[in-house]
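In: no sequence on this one, just coordinates:
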């Protein structure tokens, strides 16, 4: 048994060298390049540390856990969105995009080593409890989250339906932690909800992008168009939508665009460069569209908003989006685990990169929550550019250089409160972004017929 343990590091080293040679398409017998030699040296260092742990650590450790931990550390050091998925984690991810799961219903990220809310999923326990983007989750069931990985946090937050989990959160403006006990529930994958606002005007809320989202949208549009003859205008609400599947986002945008580019990706290798084109639609939607976005609109939401904006198919209203312009590829591994790796960045049809920048609304409208106005508190939303090791936006870097020479060009931090917590018609009466969108829709025909002499 001991002999097998001692051989393990050298097996790992040999395997790493073999894989490296295979990936580079090199003959292992040929002279290694300087880069290869550097990698060999680092693999040797890894092997030595693994050997030390196996021989000298205070207690026996499962070799697989050591290897998994090393892979997790390697990927987490790249960017906030690359990660290693153990077999159970990978299965859970597959369930999320196809069926349902039990938990509290929240999209999270890590900021400054602390678990932070990106957006609660509509209709879930987290949503109903009033959790907001930017909330810091300091503890889960009394366990500190400082230094905790996303995967570890997800495992603690999820569990059987009806069981409880207590989280301690800290919000901008608060001086003390607040404990919230949530009852886990089945998180539905119904991602599209809709209703007629008033005769002639419809509302569609897309809370995330899953496999069934495009079909759900078509069903919602059919219902609205039958109820309203004609449908004079549509509001598509993408606020606090954390994203989801790229293909679903492309199909959603394609529903409103008949031709041209929807989105394209650029990676380091040719296979990562893709273009997604619109196709002619049998169903026509000849009415004006306004898309609502905010700081919680990320990834796939930004693809849709950017495409409709570039094609002048919709007016974007709200606040600048999260700014996640990178593409993650899920790569399954032989043992049932998988790697989620950032492989490319995506660009809008006009060539804009939104990485760490976001989509700028055509009409900027802050969300004014009456409850927050009473308390006179401001809320700091988290966006992609706030995450550690985020990919830089080349255009933003150039702009930042200009700002250093011209203080007037400096951009103010966004301190607005995110969108409404409940899909409730009554609440929309106090939703400043929604009301502005509706006013714009009602004025659309007048505005577009104005003639400037």
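Out: Received, thanks. If you're wondering where the values come from, they're calculated on a predicted model, not measured in any experiment.
In: can you name the next helix or strand after the lowest-mean-pLDDT helix or strand in the chain?
Out: In the chain, the helix or strand scored least confidently by mean pLDDT, DSSP states H and E is helix 2-24, which has a mean of 47. Where DSSP states H and E defines the elements, the next helix or strand beyond helix 2-24 is helix 34-56.
In: how's this protein carved up into domains?
Out: 2-61, 100-187, 192-448 (automatic domain parsing).
In: quick check: mean pLDDT across the last one?
Out: This points to domain 192-448. In this model, domain 192-448 has a mean pLDDT of 86.
In: show me where the stretch 351-453 of the chain has helices.
Out: Along the stretch 351-453 of the chain, the stretches classed as helices by DSSP state H, counting those that start in this stretch are 370-375, 394-405, 432-448.
In: give me the neighbour count for residue 232.
Out: 16 (other CB atoms under 10 Å). No exception for glycine: its C-beta is placed from N, CA and C like everyone else's.
In: next one: residue 163
Out: Around residue 163 there are 12 residues (other CB under 10 Å).
In: what do you get for residue 38?
Out: 11.
In: separation between it and residue 297?
Out: Distance, residue 38 to residue 297, using CB to CB, to the nearest Å: 41 Å.
In: same check, this time on residue 389
Out: Counting by CB to CB - residue 389 and residue 297 are separated by 22 Å.
In: neighbour count: these two, which is higher?
Out: Comparing residue 389 with residue 297 by other CB under 10 Å, the one with more neighbours is residue 297, at 33 against 11.
In: so who does the more buried one touch?
Out: Taking CB atoms under 8 Å, 6 or more residues apart in numbering as the criterion, residue 297 is in contact with 238, 239, 240, 241, 305, 318, 321, 322, 359.
In: report the two of those residues separated the most.
Out: 240 and 359 (14.5 Å; CB to CB).
In: who's in contact with the longest strand along the chain?
Out: Ranked by number of residues, the top strand in the chain under DSSP state E is strand 338-347. For strand 338-347, the surrounding residues in contact (CB under 8 Å, 6+ apart) are 71, 75, 78-79, 81-85, 90, 93, 246, 263-268, 272-274, 303, 325-333, 353-355, 391.
In: looking at the domains of the chain, which is closest to residue 67?
Out: domain 2-61 (7.4 Å).
In: who touches stretch 157-176?
Out: 92, 101-104, 106, 108, 117, 131-132, 134-142, 156, 177-186, 375, 377-380.
In: for the closest residue to residue 161 other than its chain neighbours, list each beta-bridge partner.
Out: What sits nearest to residue 161 in space, not counting adjacent residues and going by CB to CB, 6 or more residues apart in numbering, is residue 102, at 4.8 Å. Beta-bridge pairing of residue 102 under DSSP bridges involves residue 186.
In: isn't residue 102 up against residue 188?
Out: No - with contact defined as CB atoms under 8 Å, residue 102 does not count as touching residue 188 (10.8 Å).
In: what residues are shared contacts of these two?
Out: By CB under 8 Å, 6+ apart, no residue touches both residue 102 and residue 188.
In: can you report how many residues lie near residue 196?
Out: By other CB under 10 Å, neighbour count at residue 196 equals 15.
In: wait, a strand at it?
Out: Yes - judged by DSSP: H, G, I helix; E, B strand; the rest coil, residue 196 forms part of a strand.
In: from residue 74, how far out is it?
Out: Taken as CB to CB, the span from residue 196 to residue 74 is 52 Å.
In: one more: residue 218?
Out: 42 Å.
In: what does residue 365 give?
Out: 43 Å.
In: who's more crowded, these two?
Out: Counting neighbours by other CB under 10 Å for residue 365 and for residue 74 shows that residue 365 has the greater number, 19 against 13.
In: so who does that one touch?
Out: 317, 318, 319, 432, 433, 436.
In: before we move on, what about residue 302?
Out: Neighbours of residue 302 in contact, by CB under 8 Å, 6+ apart: 243, 293, 321, 322, 323, 324, 325, 354, 358, 359.
In: list the buried ones in stretch 342-361?
Out: 342-349, 352-361 (16 or more other CB atoms under 10 Å).
In: next one: stretch 324-332
Out: Result for stretch 324-332 [16+ other CB under 10 Å]: buried residues 324, 325, 326, 327, 328.
In: show me the beta-bridge partners of the residue nearest to the fourth one when sequence neighbours are not counted.
Out: Counting by CB to CB, 6+ apart, residue 344 is the residue found nearest to residue 327 once chain neighbours are left out, at 4.3 Å. On the basis of DSSP bridges, residue 344 is bridged to residue 267, residue 327.
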